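> What follows is a predicted structure for the sequence shown.
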Amino acid sequence: MAGEDYRQVSFDVWQRMAEGWDRERRWLWETSHAVSEWMVQALAPQPGHTILELASGIGETGFAAAAALGDQGRLICTDFAPNMVQAARAESQRLRLGNVEHRQLDAERMDLDNDSVDGVLCRWGYMLMAHPAAALRETRRVLRDGGGLVLSVWGSPKDNPWASLPGRALLECTGASPPDPTAPGIFAMADPERTRSLLAAAGFEVRRWENLELSWRFQDFDAYWRFLTQLAGAIALSIANLTDEKQRALRARVEEVVAPYRSNDAYEIPGLVQNTLAA
Ligand SMILES: C[S@@+](CC[C@H](N)C(=O)[O-])C[C@H]1O[C@@H](n2cnc3c(N)ncnc32)[C@H](O)[C@@H]1O
């Protein structure tokens, strides 16, 4: 799918996913807080800093950095999907975070001045963008000299069966050919060399790199299926586009392929992310 078409489809998907992400906020954080805490620790935000979070979704990673910025500092919490921005805004109000500004912003075309922020956070965002190279160039442009960028992207399909097993079952079900591994999607930056070269092309040097494991826990298969159909971005869209009969067949196939991760009724399905500090 060409850039503009992809961007529109992706925008619509994430608009639809916002409700599920907001509803499952606590569970998502329990699963993923170590990823965000690594990111904030690597960025080392200081009182008075302006930190930009890109593709923030419901905002949790940036919120973890907000306290360190103090009253004089500012977190600019941004996402291109207004429903995500709204969910993040409601939560920062609930938490009474006084130093957070919420904005709708496309990471590939930022409405921000050159050299205007001290640090950037982006968890599980760049690989979903139509042109991650453009988003990284924009990141470099708005970041002051000496400022850090901390990003998190998903590792290989083999290390992320929570997404690759249903992804493969979907291909079987639709008969579609496997996508180009660099096309926007969960695994588009799984190859460390690609991430390094995208960063280098935008003028960044890698300062720290760490792979972190996590585990998605679902109380039963229904909970996993709800996750796939209501939170899982493009996977959710592909499932929604199937007929009822194909959805039933897919559901049965996914239950079969994730069975090795079941104990009693619950599922623990592993994942691996690659966290990077670049400057
Ligand atoms: C997988 S979610 C991750 C949300 C959040 N960063 C987290 O880790 O919980 C991906 C997010 O990227 C956002 N996104 C995708 N493309 C974007 C773009 N070009 N500019 C800004 N946000 C984008 C989506 O709206 C969605 O909220």
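Done, it's in.
> need the residues of the stretch 151-279 of the chain near the ligand, please.
For the stretch 151-279 of the chain, the residues in contact with the ligand (C-beta under 6 Å from any ligand atom) are residue 233. (C-beta placed from N, C-alpha, C; glycine too.)
> Could you name the helices and strands sitting against the longest helix seen in the chain?
Ranked by number of residues, the top helix in the chain under DSSP state H is helix 3-23. Counting contacts by 3 or more C-beta pairs under 8 Å, 6 or more residues apart in numbering; DSSP states H and E, helix 3-23 packs against helix 82-94, helix 221-230, helix 234-240.
> Let me see the contact set for the closest residue to residue 236 other than its chain neighbours.
Spatially, and ignoring its direct neighbours in sequence, residue 236 is nearest to residue 229 (5.3 Å; C-beta to C-beta, 6 or more residues apart in numbering). Residues in contact with residue 229 (C-beta atoms under 8 Å, 6 or more residues apart in numbering) are 236, 239-240.
> Right, and the ligand sits closest to which residue of this protein?
When scored by C-beta to the nearest ligand atom, the chain has residue 57 as its residue closest to the ligand, at 2.5 Å.
> Which residue ranges of this structure form strands?
Counting by DSSP state E, the segments of the chain that form strands are 50-53, 74-79, 100-104, 117-123, 143-154, 206-218, 262-263, 266-278.
> Among those, which comes closest to residue 184?
strand 143-154 (11.8 Å; C-beta to C-beta).
> quick revisit: mean pLDDT added to the helices and strands packed on helix 3-23, as a markdown table?
Putting these into a markdown table (pLDDT from 0 to 100) gives the following:
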| stretch | mean pLDDT |
| --- | --- |
| helix 82-94 | 98 |
| helix 221-230 | 98 |
| helix 234-240 | 94 |
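> Isn't residue 73 up against residue 62?
No. Assessed by C-beta atoms under 8 Å, residue 73 is found out of contact with residue 62, at 11.9 Å.
> Now do the shared contacts for the two.
Contact criterion C-beta under 8 Å, 6+ apart; residues shared by residue 73 and residue 62: residue 51.
> Those two: who's more crowded?
Counted by other C-beta atoms under 10 Å, residue 73 and residue 62 do not tie: residue 62 has more neighbours, with 30 against 19.
> In contact with the more buried one, which residues?
So residue 62 contacts 51, 53, 56, 75, 77, 100, 121 (C-beta under 8 Å, 6+ apart).
> quick one: which of these has the most company?
residue 77 (32 neighbours).
> Tell me if I'm right that it and residue 51 touch.
No. Taking contacts as C-beta under 8 Å, residue 77 lies outside contact range of residue 51: 9.2 Å.
> ok now do the spatially most central residue of the chain, which residues does it touch?
Closest to where the C-alpha atoms of the chain average out (C-alpha atoms, centre = their mean) is residue 124, at 2.3 Å. Residue 124 sits next to 55, 57, 152-154, 273 when contact means C-beta under 8 Å, 6+ apart.
> burial of residue 46, as a residue count?
13.
> how about it, what does it touch?
68-69, 73, 118.
> Quick check: of the residues you listed, which lies closest to residue 163?
Closest to residue 163, out of all of the contacts of residue 46 and judged by C-beta to C-beta, is residue 68, at 31.6 Å.
> just checking, that closest one touches residue 48?
No. The criterion here is C-beta under 8 Å, and residue 68 misses it with residue 48 at 10.1 Å.
> Same drill for those two, tell me which one is more crowded.
Neighbours were counted for residue 68 and for residue 48 using other C-beta under 10 Å; residue 68 has more, 16 against 12.
> Quick check: closest non-adjacent residue to that one.
Using C-beta to C-beta, 6+ apart, the nearest residue to residue 68 is residue 45, at 4.4 Å.
> distance of residue 171 from residue 159?
In this view, residue 171 and residue 159 are 19 Å apart by C-beta to C-beta, to the nearest Å.
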